[in-house]
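Enquirer: Task: produce atomic coordinates for the following.
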Amino acid sequence: MNFKELNKWIYTRKSLFLSVLTAFLVLVFFPWEVQACTGITLVAKDGTYVLARTIEWGSGDLNSQYVIVPRGYVQQSYVTDGTRKGMRFTSQYGYVGFSVEQEDFIAEGINEAGLSAGLFYFPGYGKYEDYVPGQAASSISDLQFVSWILGNFATVEEVKTAVKDVHIVSVDSRASTVHWRIADKSGTQVVLEIIDGELYFYENKLGVLANSPGFEWQMTNLNNYVNLFPGTVQPHSLGGVEIASFGAGSGFLGIPGDITPPSRFVRAAFYQVTAPRQPDAMKTVYQGFQILNSFDIPIGIEFKKGEVPADIPSATQWTSVTDLTNGVIFYRTMYNSTIRSIDLKAIDFEKSEYTVFPLDNSKQQPVEQIRVL
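Expert: The predicted structure is shown next:
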């Protein structure tokens, strides 16, 4: 750690515990307001492998930042008592991540080896193992687990092997649990859930993920929609009466449109698999954003009648699309619909410094004026 980093560490830790406590009090007292995440996977005709996801939080601005972490950067985990006494880990790989609430808590990211990891809210179903002070050196908080993965591994199989030797604990045992999507550029993708302290890895061939219930339940629930198909239902006779669709797309009549996790999972699955395969990386990236436009959650619908919604434009705070093949992560936010990107190949992770920037320089939607002659 150089002097600049040390000075920053001293300054930020003064108010760190208070910010952590505040964030988790929100989680505790507003547990069922929008804590939604929707993830999909797309593959271009040229083989480019792309992950896309949203992150929702309806109670206030997550103050998200993008974080550039160089090789050799040392971090130490929080543990359940709110102190930073957990596992110390050094990044073997450089990575870029998007944080929530504070820079330590990476919700989505990609490293220079082409490994991606992201957390998704998982309230009411997951349960981590209890924190044991004697295991502090091998304990890592759930909200720093993505950082540990991105900094230390190149493949999904490496993660599956190494995680057996660590203890994943919560910063606050009262808060919502999360589950994780982990993928590498070979196309291997898994979901990790922790139930009653036990690790469960599920192969995610479909590439879709949402929130609760668990991944296996969500996959089983797809069978309830076996009648759905792309296209339009053909006219047919009903008791001698000819009936026909009112418009195109009636093959999807009955697809759930609400914002609950099971409904979003079903929609994401059918929208993803029926989307035409794009020829290259950029067209696939744009397609990812376009599909996830359908999952933007307007602020207000999660509040009871008469309650004042949070003063933010949308519960969908940001959407990211990650090109694992080429090492580029893209994003747009509720404050700025412009798609921006960070190319990991343009970063020298051996020489770069630990860097943190807000996702938005201005919390005002830019409007481009067109001069009409």
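
Enquirer: what about the helices in the stretch 1-150 of the chain?
Expert: With helices called from DSSP state H, counting those that start in this stretch, the stretch 1-150 of the chain shows them at 3-13, 16-29, 145-152.

Enquirer: then the last one to CSV, C-alphas only?
Expert: Yep, that's helix 145-152 we're talking about. The C-alpha coordinates for helix 145-152 follow below in CSV (Å, rounded to 0.1, in the frame of the first residue of the first chain):
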residue,chain,number,x,y,z
PHE,A,145,-16.9,-12.4,-1.9
VAL,A,146,-17.0,-11.1,-5.5
SER,A,147,-13.8,-9.1,-4.9
TRP,A,148,-12.1,-12.2,-3.6
ILE,A,149,-13.2,-14.2,-6.6
LEU,A,150,-12.2,-11.6,-9.2
GLY,A,151,-8.8,-11.0,-7.6
ASN,A,152,-7.8,-14.6,-7.3
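
Enquirer: so after that helix, what's the next helix or strand?
Expert: Note on helix 145-152: by DSSP states H and E, the next helix or strand toward the C-terminus is helix 156-162.

Enquirer: average pLDDT across that next one?
Expert: Mean per-residue pLDDT for helix 156-162: 98.

Enquirer: Could you list the residues in contact with the helix or strand following it?
Expert: Sequence-wise, the next helix or strand downstream of helix 156-162 (DSSP H and E) is strand 167-169. By CB atoms under 8 Å, 6 or more residues apart in numbering, the residues outside strand 167-169 that reach it are 79-80, 86, 128-132, 135, 138-142, 145, 194. Every residue, glycine included, has its C-beta placed from N, CA and C.

Enquirer: and with 7 Å instead?
Expert: Contact with strand 167-169 is made by 79-80, 128-129, 131, 135, 138-142, 145, 194, as judged by CB atoms under 7 Å, 6 or more residues apart in numbering.

Enquirer: Filter these down to the buried ones and hand me the PyMOL line.
Expert: To isolate the buried ones among these in PyMOL, judged by 16 or more other CB atoms under 10 Å, type:
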select buried, resi 79+80+128+129+131+135+139+140+141+142+145+194
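
Enquirer: Relative to G97, which of the contacts of strand 167-169 is nearest.
Expert: Of all the contacts of strand 167-169, G97 sits closest to F145, with 11.7 Å by CB to CB.

Enquirer: ok, that closest one to D196 distance?
Expert: Separation of F145 from D196 (CB to CB, to the nearest Å): 18 Å.

Enquirer: S320 now?
Expert: Applying CB to CB, the value for S320 to D196 is 31 Å.

Enquirer: quick one: which of the two has more around it?
Expert: For S320 versus D196, neighbours defined as other CB atoms under 10 Å are more numerous around S320 (28 against 8).

Enquirer: Tell me if I am right that that one is in a strand.
Expert: Yes - assessed by DSSP: H, G, I helix; E, B strand; the rest coil, S320 belongs to a strand.

Enquirer: what sits against it?
Expert: Contacts of S320 (CB under 7 Å, 6+ apart): 52-53, 98, 108, 329-331.

Enquirer: Tell me the most packed of the residues you listed, by neighbour count.
Expert: Within the contacts of S320, most neighbours by other CB under 10 Å means E108, with 29 neighbours.

Enquirer: Just grab the bridge partners of the residue nearest to that residue when sequence neighbours are not counted for me.
Expert: Spatial nearest neighbour of E108, excluding adjacent residues (CB to CB, 6 or more residues apart in numbering): G118 at 3.9 Å. Beta bridges link G118 to E108, R181, judged by DSSP bridges.

Enquirer: wait, G118 sits on T54?
Expert: No - G118 is beyond contact range of T54, at 10.7 Å (criterion: CB atoms under 7 Å).

Enquirer: any shared contact partners between the two?
Expert: Residues touching both G118 and T54 (CB under 7 Å, 6+ apart): none.

Enquirer: ok, how many other residues are close to the residue lying closest to G114 once chain neighbours are set aside?
Expert: Of all residues beyond its chain neighbours, the one nearest G114 is K185 (3.4 Å), with distances taken as CB to CB, 6+ apart. Using other CB under 10 Å, K185 has 20 other residues around it.
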